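[1] give me a 3D structure for the following:
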Amino acid sequence: MCTPHYIDPLTNFGFKKIFGEEANKDILIDFLNSVLPAEDQIYDLTYKSTEHLPKNDTDRKAIYDLYCENDQGEKFIVELQRAEQTHFKDRTIYYSSFPIQEQAKRGKGWDYELKAVYVISIMDFIFDDTEEDFHHIVQLKNQKNKVFYDKLKFVYLELPKFRKQEKDLETNFDKWLYLLNNITTFEQMPSVLKEHIFRKVLKLAEYTALPKVDQELYDEDLKRFRDYVNTLDTREAKGREKGREEGKEEGIEIGEKKAKIETAKNLLSMNLTVEQVAKGTGLTIAEIEELIKE
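    Here you go, the predicted model:
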C-alpha cells in the first residue's frame, strides 16, 4: 500500500505529533479557538500530565489524549475517538470530573470556587444521526433553557458529517475540519490552506520528513488501528450474517404457522372437532379455540 504524503492526524501518533508538542502549541491554540465559542478564546496553554489517578486504589483512572491549562487556570481536555463507543458521552462526563476534583484545596479556607473545565471531543464517527449539526456545544441548563452553570462545557465534533469541499471553505473552522478529514489525500498543500498555521501543520505532518524512528512508530500505530477496524468490520459482518440466518429461520416458522392456521380453518369448516383439528394441524387446542372466536 502506498504511504500517503502526510500522516493521519486521527491516529494516536499523528494527533499527538501535530497537537501535543509544547513547541507547537500555537497549532492546538488555533484549533481550539476555531472550535470554542468567541467568549472562550485561548491566548496561552500549558500542557499537563494526561494520566489522572482516582482518590482510591480501587477506582478507575483516566488517561486523556491531551490535557492543558490556560493562563487563567482553566482546564482543557482534548479527546480523539476514531471508533464508536457505546457510552462515549458518559466517558466524557466521567473525564470532566477529574479536573474538577483536583481543584479542591486542603484546609478550611477554600470556598469551593472552581475554574472552568472544557472537554473537546473529536470523533471520527456519528453519535447522533437524527440531526445534521456536527458541532455540538453542551452546557448545564435549567428547565427554562437558561444556562445554570457556565464553567463546564462539552464540545463534540462529528467529523463524518462535515462534507464541504475545498471550494466551499470559508472560515478557519471549515479549514480545520477539511484538513482533518482529507489530509491523507493531499498530494501537495491545497491553495486554500495558505495561512501560516496550516502550512506549519502540513510541514509537521510530512511522512518523509519524520525521523526514521517516528516513521516506524506511526506505521505501527496505523497498523494497530487498521487491525482494530478490521476486527470490528468482521464482527459486524458476522452479526449481519447471523441476523439473516435467524431471519430465514423465523420466516420459515412464520410461514409454517400461517399454513397450519389456514388448514385449521378449512378443517373447522368441515365441522371437525377441536381435538381433531388440533391433531391434524399440530396447533394447540387453545389456538384452535381462538380461531373459532375470530
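
[2] what stretches of the stretch 151-294 of the chain score poorly on pLDDT?
    Applying pLDDT under 70 to the stretch 151-294 of the chain picks out residues 228-229, 232-233, 235-240, 242-252, 270-271.

[3] which residues in it form strands?
    Counting by DSSP state E, counting those that start in this stretch, the stretch 151-294 of the chain has no strands at all.

[4] so which residues of it form helices?
    Here the stretch 151-294 of the chain has its helices, by DSSP state H, counting those that start in this stretch, at 172-182, 196-204, 212-269, 274-281, 285-293.

[5] okay if I get these as JSON lines plus mean neighbour count and distance to residue 28?
    Quick note: C-beta positions are derived from backbone N, CA and C, even for glycine. Putting the helices of the stretch 151-294 of the chain into JSON lines (neighbours: other C-beta atoms under 10 Å; distance: least, C-beta to C-beta, whole Å) gives the following:
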{"stretch": "helix 172-182", "mean neighbour count": "19", "distance to residue 28": "11"}
{"stretch": "helix 196-204", "mean neighbour count": "17", "distance to residue 28": "10"}
{"stretch": "helix 212-269", "mean neighbour count": "12", "distance to residue 28": "19"}
{"stretch": "helix 274-281", "mean neighbour count": "16", "distance to residue 28": "72"}
{"stretch": "helix 285-293", "mean neighbour count": "13", "distance to residue 28": "68"}
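
[6] save those helices as TSV, and put in distance to residue 150 too.
    Shown next, in TSV, are the helices of the stretch 151-294 of the chain (distance: least, C-beta to C-beta, whole Å):
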stretch	distance to residue 150
helix 172-182	22
helix 196-204	28
helix 212-269	37
helix 274-281	69
helix 285-293	62
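
[7] nearest to residue 27, out of these?
    Closest approach to residue 27 among those (C-beta to C-beta): helix 196-204, 5.9 Å.

[8] which helices and strands does that closest one pack with?
    If contacts are counted by 3 or more C-beta pairs under 8 Å, 6 or more residues apart in numbering; DSSP states H and E, helix 196-204 sits against helix 12-19, helix 25-35, helix 172-182.

[9] quick check: which of those helices is nearest to residue 48?
    Evaluated with C-beta to C-beta, these place helix 25-35 nearest to residue 48, the distance being 12.1 Å.

[10] the closest residue to residue 48 other than its chain neighbours: how many residues sit nearby?
    Spatial nearest neighbour of residue 48, excluding adjacent residues (C-beta to C-beta, 6 or more residues apart in numbering): residue 67 at 4.8 Å. Other residues lying near residue 67 total 23 when counted by other C-beta atoms under 10 Å.

[11] in contact with residue 67: list those residues for me.
    47, 48, 49, 50, 52, 75, 76, 77, 78, 99 (C-beta atoms under 8 Å, 6 or more residues apart in numbering).

[12] the same query, at a cut-off of 6 Å, please.
    Listed by C-beta atoms under 6 Å, 6 or more residues apart in numbering, the contact partners of residue 67 are 48, 50, 77.

[13] dump those to JSON lines, plus secondary structure and neighbour count.
    Formatted as JSON lines, the contacts of residue 67 follow (DSSP: H, G, I helix; E, B strand; the rest coil; neighbours: other C-beta atoms under 10 Å):
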{"residue": "48", "secondary structure": "coil", "neighbour count": "17"}
{"residue": "50", "secondary structure": "coil", "neighbour count": "16"}
{"residue": "77", "secondary structure": "strand", "neighbour count": "24"}
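
[14] which of those scores worst on pLDDT?
    Of all these, residue 50 has the smallest pLDDT value, namely 81.

[15] closest to residue 204 out of the contacts of residue 67?
    Closest approach to residue 204 among those (C-beta to C-beta): residue 50, at 19.7 Å.

[16] need the phi and psi values for the closest residue to residue 14 other than its chain neighbours.
    Nearest residue to residue 14, sequence neighbours excluded (C-beta to C-beta, 6+ apart): residue 7, at 4.4 Å. For residue 7, the backbone dihedrals are phi -70, psi 160 (criterion: degrees, to the nearest 10).

[17] can you give me the neighbour number for residue 7?
    Applying other C-beta under 10 Å, we find 27 residues neighbouring residue 7.

[18] I'd say it and residue 13 touch.
    No - counting by C-beta atoms under 6 Å, residue 7 does not reach residue 13; the two are 7.2 Å apart.

[19] who touches both of the two?
    With C-beta under 6 Å, 6+ apart as the test, residue 7 and residue 13 both reach residue 218.

[20] what's near enough to touch the residue nearest to residue 14?
    Applying C-beta under 6 Å, 6+ apart, one finds that residue 7 lies in contact with 14, 205, 207, 218.

[21] try 10 Å this time
    Residues counted as contacts of residue 7 (C-beta atoms under 10 Å, 6 or more residues apart in numbering) are 13-15, 17-18, 183-184, 204-207, 209-210, 214-215, 218-219, 221-222.
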